[in-house]
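> no sequence for this one, just the structure:
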């Protein structure tokens, strides 16, 4: 690395992906970033309009529905969020299918280091992490995706399946009533609400902690928005991927320009806003559950 590359780095920023030694390396594609943004928008639209209905007896829930324009407006926003959810799901599945068709080695495509499919190393990393927590081993080294990222990735599929199917039953009851018993809609209503609470708890506690709030990430990490991170970040968070890119001579192909200041500020603001809304929702739900 030359001095010019290091000088090109902007002043120290809050995001951990913007810290340290340069240059920048592309980590996520435009499609990855667009899909993640769609996940965020749809998830918040669904939660902000749906969770108040589960706690309709609470004053904060009633106030939230009024702020959204009433029950009918909240219902419309909720359905738009559902449409966006199915949109990003099918876009992602289409991209995976297209990638598999174009892949020269499909086994490597699904089981290689760039895949989200869990493998033996993930199991070994999980066991080593627990030993690390007890001070009996070093922290495991991760490749492109860690077992934590894969767990959350597949959790989205689980959530979309449960929420999607149960939501469709409640959205089009006349259609599904032609071949489903009445108790099926009661089950769908219960599953929809409980899965919403589970998703809220997992995303706003486990996910937020893993990607933003743990000491190595504090106070925020906007790499999923900017798509790029410094070499130092890659060495710390995904050292095996960095070493593989260097060994294969492909690191130069992944060099990216620094994140523009205006873009960085916008994404950081969005990240902090998402964190704040999520924490408030968790607080309100806990208060309502204990009331």
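Good, I have the coordinates. As the structure is a computational prediction, the values presented were derived from the model and not from experiment.

> Tell me how many other residues surround residue 284.
When neighbours are defined as other CB atoms under 10 Å, residue 284 has 17 of them. Just so you know, the C-beta spots here come from the backbone N, C-alpha and C atoms, and that holds for glycine as well.

> Wait, a strand at it?
No - under DSSP: H, G, I helix; E, B strand; the rest coil, residue 284 sits outside any strand and is assigned helix.

> give me the element the closest residue to it other than its chain neighbours is part of.
Once flanking residues are discounted, residue 284 sits nearest to residue 60: 5.2 Å by CB to CB, 6 or more residues apart in numbering. Assessed by DSSP states H and E, residue 60 sits inside helix 59-67.

> and if you look at residue 43?
Counting by DSSP H and E, residue 43 is part of helix 30-54.

> what packs against that helix?
Using 3 or more CB pairs under 8 Å, 6 or more residues apart in numbering; DSSP states H and E as the contact test, the elements touching helix 30-54 are helix 59-67, helix 71-102, helix 183-201, helix 223-226, helix 261-290.

> so of these, which one's packed in deepest?
Highest mean neighbour count among the helices and strands packed on helix 30-54 (mean count of other CB atoms under 10 Å): helix 223-226, with a mean of 22.

> Could you measure from the residue nearest to residue 284 over to residue 208?
Residue 60 is 21 Å from residue 208, where distance means CB to CB, to the nearest Å.

> Contact partners for the most centrally placed residue in the chain?
Note on the chain: the residue nearest the mean C-alpha position is residue 36, at 6.3 Å, using CA atoms, centre = their mean. By CB atoms under 8 Å, 6 or more residues apart in numbering, the contact list for residue 36 reads 28, 224, 225.

> give me the low-pLDDT residue ranges for this protein?
1-11, 291 (pLDDT under 70).

> residue furthest from the geometric center of it?
Within the chain, the residue lying farthest from the chain centre (CA atoms, centre = their mean) is residue 178, at 36.6 Å.
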